[in-house]
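Visitor: what shape does this take:
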Amino acid sequence: MTAALQLAGQGRALLAAVLVGAGLTTVVLAMILRVRTKQRTMAQILDDTMGKAEIPVEVVSESPERGELSTLTVRIAGIFGRIDTTGALERRLERADIPLRSGEYIVISAAIAVILAVGAGIMVKSPFASVVAVVLVAGIAWYLPSRRATKRINLIQEQLPDALALMAASVEGGQTFQRSIDMYRRDARAPLSSELDRVMAEVAVGSDLVVALENMAERSGVEDLKWAVEAVRIQQSTGGRLAPILKTLSDFMRTRQEVRREVQTLSAEGRMSGYVLFAIPVFLVVALELKDPGYLKPMMHGAGLVVLIGTAGLMALGFWIVRRMVDIKV
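Guide: Numbering: from 1, shown residues only. The predicted structure follows:
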């Protein structure tokens, strides 16, 4: 009877913690979405080169109105954004096309970490489980933008050769380079189309085309694009025919893509080996815990806990070394 009451009390505490955490996360997300809606409206106004869009006053105001939830959102994002002193997280989020500032992303990740930490601590009855939950959320929060950024960079690299070839044909047919970009972006697929939209928006508000392209190359992190922009910059300053340059760049990028695919194929075995070697200990721990829940109890305190932490660190180090060995840059 006592055990049942304790179990019921733990269940109520866990439910209360989850509900409170979920409520706080929902409030933060609502405030963030309010600010992001304002920013998206501003972007649509900048993209409207004909001046037909209606401009709400609150969109172009320099700061949110007093008492608005967006004021609190800006302050929270500003406070937590100071953690990202080098701007590394901000660049990852931008390259991953995640519509959040670094402070907003940290707030959401922290809220999720608190919910999981409280839930894991109550369920397992150990502070070690809460620490593991926090470390897990922190790792996923740091890895997710990098993963999405890598996929986005690969997509842009795949689109660039065809884009440059079409722009070269358009320039050779008598169109200006800026006009060829504007024509291509209207029918192109994301993510390259969204990046070119930002380029044309910068040009519409007075920026130089080459400067806008350099900003795009730096923002996206695509090395091939940086070379293409540098070639265009040199051509704009020295003169000459642009169409053959774009055609040569397109052929060069296609060749690099073929080499990248071949390298990815040859290194697939090494990457899979790293995943398997990392997953085997985790699978064994889960299997032992399910087969005999008391088997690993000596490892949850004292010297056993130190051994577990050291083993996890060595596993992470080994996985990182394997990834570095098979991560061949082309």
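Visitor: list the residues that contact P191.
Guide: 97, 152, 155-156, 159 (C-beta atoms under 8 Å, 6 or more residues apart in numbering). All C-beta spots, glycine's among them, are computed from the backbone N, C-alpha and C.
Visitor: of those residues, keep whichever come out buried.
Guide: For the contacts of P191, a burial check counting by 16 or more other C-beta atoms under 10 Å picks out 97, 152, 156, 159.
Visitor: going by distance to A228, which of these wins?
Guide: Closest to A228 out of these is I156 (11.2 Å), distances taken as C-beta to C-beta.
Visitor: could you point out which element follows the host helix or strand of the closest one?
Guide: Under the criterion of DSSP states H and E, I156 resides in helix 127-172. With elements assigned by DSSP H and E, the helix or strand that comes after helix 127-172 is helix 177-187.
Visitor: so what touches the helix or strand following that next one?
Guide: Where DSSP H and E defines the elements, the next helix or strand beyond helix 177-187 is helix 192-204. Helix 192-204 is contacted by residues 43, 46-47, 49, 97, 155-156, 159-160, 163, 178, 181-182, 184-186, 188, 209, 211-213, 215-216, 219-220 when judged by C-beta under 8 Å, 6+ apart.
Visitor: count the neighbours of V282 for me.
Guide: 11 (other C-beta atoms under 10 Å).
Visitor: oh sorry, the question was meant for V131
Guide: For V131, the tally of surrounding residues (other C-beta under 10 Å) stands at 14.
Visitor: skipping adjacent residues, who's closest to it in space?
Guide: Distance criterion C-beta to C-beta, 6 or more residues apart in numbering; nearest residue to V131, sequence neighbours excluded, is A117 at 7.7 Å.
Visitor: mind giving me the packing neighbours of the strand or helix carrying that neighbour?
Guide: Element membership for A117 (DSSP H and E) is helix 102-124. Using 3 or more C-beta pairs under 8 Å, 6 or more residues apart in numbering; DSSP states H and E, the elements in contact with helix 102-124 are helix 2-47, helix 69-81, helix 88-95, helix 127-172.
Visitor: what's the offset of that helix from the middle of its chain?
Guide: Distance of helix 102-124 from its chain centroid, counting by C-alpha atoms, centre = their mean, to the nearest Å, is 19 Å.
Visitor: could you give the angle of that helix to helix 127-172?
Guide: Angle of helix 102-124 versus helix 127-172, following axes from the mean of the first three to the mean of the last three C-alpha atoms, to 10 degrees, is 150 degrees.
Visitor: need the contacts of P191 in CSV with pLDDT, can you?
Guide: Output for these, formatted as CSV (pLDDT from 0 to 100):
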residue, pLDDT
D97, 81
R152, 89
L155, 88
I156, 88
Q159, 89
